[in-house]
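*Asks:* when you get a sec, could you give me coordinates for this:
(chains A and B)
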Protein chains: 2
Amino acid sequence: MTTATATVSVLTAEDVLKNWQGHRGLTRRTIEAFPEDKLFSFSIGGMRPFSEMATEFIRMTVPIVEGVATGKWAEFGAGASPATKLTTKQEILALWDAQTAELDAKFPTIPPHRFAEADKAFGQWEMSGIAMIQYAIDNEIHHRGQAYVYLRALGIEPPHFWER
Amino acid sequence: MTTATATVSVLTAEDVLKNWQGHRGLTRRTIEAFPEDKLFSFSIGGMRPFSEMATEFIRMTVPIVEGVATGKWAEFGAGASPATKLTTKQEILALWDAQTAELDAKFPTIPPHRFAEADKAFGQWEMSGIAMIQYAIDNEIHHRGQAYVYLRALGIEPPHFWER
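*Replies:* Numbering: from 1, shown residues only, chains lettered A, B, ... in the order given. Next comes the predicted model:
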């Protein structure tokens, strides 16, 4: 790669936050599209129901931003809310909305040098701050895609992928 | 967002290319994991078989990079290879590998200013160059996640998501 192109900045922190929140909005609509019981029970091929995948996103999102911002990593899932198992769609959506606000508040507190700095996320995964954030976004896209198959199998039209 | 954090560059062009090729490697292993016949026939809920999704990735990847690099957009799908329908796993993988090399060769030819510049991709989608590239990557993650459900439904273990 020519040096000029290789080192050009293509995304700022603000772009990444905006992209993430756009994806999170789509994921919220995907959660909403599930009938209450299917959200917690429907699965294909022995995979997790979408409620568990959505809970995983909740366990990752704010704890990752806090870890990148401060270098302090909660024990994965343990320190993070929800401490108890979520049992209703309303509980999941309420936590989701709380995290949307928390993400907007905490993301800007990440010191600029922490995006590139290597750290051991949750004491386990050694990577840069931006790589950990990107992983969380990619993981959400990946599992939300699976939820689209669940919805189609249930005869439900998923939200448009391109609407963020 | 504080100005310092908002405007900090978190990803260079080289990072984006590396991330994309990492995802493309995982998608290649996902294609490989399908039995030949299931790749072209298996689906859930009326969705496309994974062969068609993989062909969509092929129709997007290099044409998007060419469009961002040059401002010339092939008619979507039409100008791009494959011109004809792919009918074997080997054909898909061969085109995949050709695109891997093409992507490495063409991505660095994108003039730095074109990442942020707005354009009308394929005469249809108005967005910046980096947004179009990010859309292609996200679209690949989304549909590959769906292929994981197909594989699980077939009793096949998909490749590890975190291995790129």
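*Asks:* which residues does stretch A:140-152 contact?
*Replies:* Under the criterion CB atoms under 8 Å, 6 or more residues apart in numbering or on different chains, residues A:23-24, A:26-27, A:30, A:33-34, A:38, A:42-44, A:47, A:49-50, A:53, A:56-57, A:157-158, A:161, B:44-47, B:138, B:141-146, B:148-150, B:161 lie in contact with stretch A:140-152. All C-beta atoms are positioned from the backbone trio N, CA, C, and that covers glycine.
*Asks:* rerun at 6 Å
*Replies:* If you take CB atoms under 6 Å, 6 or more residues apart in numbering or on different chains as the criterion, stretch A:140-152 is touched by A:23, A:27, A:30, A:33, A:42, A:50, A:53, A:57, A:158, B:44-45, B:47, B:138, B:141-142, B:145-146, B:149.
*Asks:* pull out the buried residues from that stretch.
*Replies:* A:140-152 (16 or more other CB atoms under 10 Å in any protein chain shown).
*Asks:* let me know the closest of those to B:Val62.
*Replies:* A:Ile141 (21.7 Å; CB to CB).
*Asks:* find the nearest non-adjacent residue to the closest one, please.
*Replies:* Excluding the flanking residues, the one nearest A:Ile141 by CB to CB, 6 or more residues apart in numbering or on different chains is B:Ile141, at 4.5 Å.
*Asks:* the closest residue to A:Arg114 other than its chain neighbours: neighbouring residues, count only.
*Replies:* Leaving aside its chain neighbours, A:Arg114 sits nearest to A:Gly129 (4.7 Å; criterion: CB to CB, 6+ apart). Using other CB atoms under 10 Å in any protein chain shown, the number of residues around A:Gly129 comes to 24.
*Asks:* residues in contact with A:Gly129?
*Replies:* A:Val68, A:Arg114, A:Phe115.
*Asks:* the residues you listed in helices, which ones?
*Replies:* Among those, the members falling in helices (DSSP state H) are A:Val68.
*Asks:* any chance of JSON lines for the contacts of A:Gly129, columns pLDDT and neighbour count?
*Replies:* Listed next are these as JSON lines, based on pLDDT from 0 to 100; neighbours: other CB atoms under 10 Å in any protein chain shown:
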{"residue": "A:Val68", "pLDDT": "97", "neighbour count": "26"}
{"residue": "A:Arg114", "pLDDT": "96", "neighbour count": "20"}
{"residue": "A:Phe115", "pLDDT": "95", "neighbour count": "22"}
